[in-house]
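Chemist: Just need the structure, nothing else, for what follows:
(one chain, ligands or ions: 1)
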Amino acid sequence: MSRTPLLGCIADDFTGATDLANNLVRAGMRTVQTIGVPTEPLSAQVDAVVVALKSRTIAPHDAVAQSLHALQWLQTQGVGQIYFKYCSTFDSTAEGNIGPVTEALLDALHGPGQGFTIACPAFPDNGRTVFKGHLFVGDELLQDSGMRNHPLTPMADSNLVRVLQAQTRRKVGLVPYTVIAQGAQAVRERFAHLQAQGVSIAVLDAISNSDLLQIGPALEGMQLVTAGSGIAIGLPGNWQRSGQLPAQQVADVLPAVQGGAAVVSGSCSGATNGQVRAFQEAGHPSYAIDPMALAAGRDVVGDALRWAEPLLRQGPVLIYATAEPDAVKAVQAQLGVAKAGEMVEVALATIARGLVERGVRRLVVAGGETSGAVVQALGVRQMQIGPQIDPGVPWTWAPTDLGVDIYLALKSGNFGSPQFFLDTTRGSA
Ligand code: ADP
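Modeler: Modelled structure (predicted):
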């Protein structure tokens, strides 16, 4: 329907970008996720674009520069509204980057010191709620949750107004729950009131999906929205009401692809170990990658691909480095954590490319870092988001630099049911 995307998003990390894209698709917007700022045109006509950066923990000036670059590109695509997406636990270092990036985007869109936006990480489906400006993770305040001890972004204060104010020269205010509960008109009036007091970023309380849907209309026409992925569920309604987006659009239809299915697994999480076992117990062929053989210089990649080639015509295969914690520790003790990790990632990524060269068109990858390596090895720059497989994990359709398009499912860490590999490869070949 619309020729140019309605919504342009800048996400501060890759899995966060997929999480947002997944929510937008489920709310009726056709969505493409790009890896970094694209240099080529969009691969599909869509309603929303999510640019995935890796800017959460880098130096603030670098995060600002990358975000402004993404903004410029999104503006050349003609998007109407910008969405800066961060984590639903408001992950940031003491310096930012949520404050500095928000401020830079406001300056770029409205002029220095001008403009107004919101900040709302609430994602009630995942237990993230905001009340009186305090962020809760499940039943705990953020500051009492595991986020207190996060290695990169420890969060020791749940008061978001205070956290954000420490990161920006812009004045931060609050729209409390009592106002949210009165609906969009009351929220709009509070925005005007706060702006008159010199506030340019308003933290919003929200404790349920119906709050997020109530807030949506108050964000219509706001040039910049900053939030977790939850707020996204309330936005499509604005374009549906104005006729720019079809109501009830099925947004998760992907172009067809034909070919074999394979799983490449480099995650060693408990969930992934269970998924490997379930795949094996169902009688499907699997091939273990031995990191020590890789370290010894054996042609592990070639062996794995020679093993897979004849099997691919019969059904799905699994190639995995996934191991139980004791085995991983033993390898790490001999090779070092970083070297073992990188060596396995490179091997699995090369195998993934080899599998696509041998006709695989439905590729499931387990592991966040492993997914990053595979996407890079396949030259994937954009992914169109399709139907959700398990919470937070959608099918995607991706052009590769091999000249073929594939379905990709990227599953990090502890995501997915025990049947995940079986469900995603069923009916292949
Ligand atoms: P997750 O999402 O579960 O954290 P990642 O892919 O992000 O998975 O990280 C897993 C890391 O463990 C990767 O660097 C991978 O190369 C490494 N790895 C996988 N299997 C083994 C193994 N058997 N021994 C040592 N390291 C491994």
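Chemist: Please export the C-alpha coordinates of stretch 124-133 as CSV.
Modeler: In CSV, the C-alpha atoms belonging to stretch 124-133 read as follows (Å, rounded to 0.1, in the frame of the first residue of the first chain):
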residue,chain,number,x,y,z
PRO,A,124,4.6,-6.4,30.0
ASP,A,125,4.7,-9.7,28.1
ASN,A,126,8.2,-10.2,29.3
GLY,A,127,7.5,-8.9,32.8
ARG,A,128,9.0,-5.5,32.2
THR,A,129,6.7,-2.8,33.7
VAL,A,130,7.2,0.8,34.7
PHE,A,131,5.3,2.3,37.7
LYS,A,132,6.0,5.8,39.2
GLY,A,133,9.0,5.9,36.9
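Chemist: List the contacts of it.
Modeler: Stretch 124-133 is contacted from outside by 88-89, 120-122, 135-138, 159-161, 174, 176-177, 203-209, 211-212, 228, 230, 391, using Cβ atoms under 8 Å, 6 or more residues apart in numbering. C-betas here are computed from N, CA, C, even on glycine.
Chemist: Please flag which of the residues you listed sit within helices.
Modeler: Taking DSSP state H as the definition of helices, the contacts of stretch 124-133 contribute L160, V161, Y177, N209, D211, L212.
Chemist: Give me the buried subset of those.
Modeler: Among the ones in helices among the contacts of stretch 124-133, those buried by neighbour count (16 or more other Cβ atoms under 10 Å) are L160, V161, Y177, D211, L212.
Chemist: need the residues of the stretch 251-400 of the chain near the ligand, please.
Modeler: 266-269, 272, 291, 321-323, 328, 331-332, 340-341, 344-345, 367-370 (Cβ under 6 Å from any ligand atom).
Chemist: Make a ChimeraX selection of the buried ones in the residues you listed.
Modeler: Only the buried entries of those go into this ChimeraX selection, using 16+ other Cβ under 10 Å:
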select :266,267,268,269,272,291,321,322,323,328,331,340,341,344,345,367,368,369,370
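Chemist: Would you pull up the residue in this structure closest to the ligand?
Modeler: Per Cβ to the nearest ligand atom, G367 is where the chain lies closest to the ligand, at 2.4 Å.
Chemist: quick one: the closest residue to that residue other than its chain neighbours from M343, how far?
Modeler: For G367, ignoring the flanking residues on the chain, the nearest one in space by Cβ to Cβ, 6 or more residues apart in numbering is S267 at 3.5 Å. From S267 across to M343, the span is 16 Å (Cβ to Cβ, to the nearest Å).
Chemist: low pLDDT regions in the protein?
Modeler: For the chain, the stretches with pLDDT under 70 are 1-2, 428-429.
Chemist: Tell me where the longest strand sits in it.
Modeler: Using DSSP state E, we find that the single longest strand of the chain is strand 382-390.
Chemist: Enumerate every residue touching the nearest residue in space to S371 that is not next to it in sequence.
Modeler: Among residues not flanking S371 along the chain, L410 sits closest, at 4.0 Å (Cβ to Cβ, 6+ apart). Taking Cβ under 8 Å, 6+ apart as the criterion, L410 is in contact with T18, V365, S371, V374, V375, V393, T396.
Chemist: so which strand or helix has the third one?
Modeler: Going back to what we said before, that points to S371. helix 368-377 (DSSP states H and E).
Chemist: for that helix, packing partners?
Modeler: helix 14-26, strand 260-265, helix 337-357, strand 360-366, strand 405-411 (3 or more Cβ pairs under 8 Å, 6 or more residues apart in numbering; DSSP states H and E).
Chemist: Now with 7 Å, please.
Modeler: helix 337-357 (3 or more Cβ pairs under 7 Å, 6 or more residues apart in numbering; DSSP states H and E).
Chemist: can you give me how far the helix it packs on is from the chain middle?
Modeler: Centroid separation between helix 337-357 and its chain, computed with Cα atoms, centre = their mean, to the nearest Å, is 22 Å.
Chemist: same question, stretch 260-270
Modeler: Distance, centroid of stretch 260-270 to centroid of chain: 19 Å (Cα atoms, centre = their mean).
Chemist: cool, and stretch 26-35?
Modeler: 11 Å.
Chemist: what about it, how long is it end to end?
Modeler: 21 Å (Cα to Cα, to the nearest Å).
Chemist: Spit out the contact partners of C9.
Modeler: C9 sits next to L20, A48, V49, V50, V51, Y83, K85 when contact means Cβ atoms under 7 Å, 6 or more residues apart in numbering.
Chemist: Just the buried residues of those.
Modeler: L20, A48, V49, V50, V51, Y83, K85.
Chemist: Surely the first one and V50 touch.
Modeler: Read it as L20. Yes. Under the criterion of Cβ atoms under 7 Å, L20 makes contact with V50 at 5.5 Å.
Chemist: hang on, the earlier thing: format the contacts of L410 as JSON lines; extra columns: neighbour count.
Modeler: Converted to JSON lines, the contacts of L410 look like this (neighbours: other Cβ atoms under 10 Å):
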{"residue": "T18", "neighbour count": "25"}
{"residue": "V365", "neighbour count": "26"}
{"residue": "S371", "neighbour count": "26"}
{"residue": "V374", "neighbour count": "26"}
{"residue": "V375", "neighbour count": "23"}
{"residue": "V393", "neighbour count": "21"}
{"residue": "T396", "neighbour count": "25"}
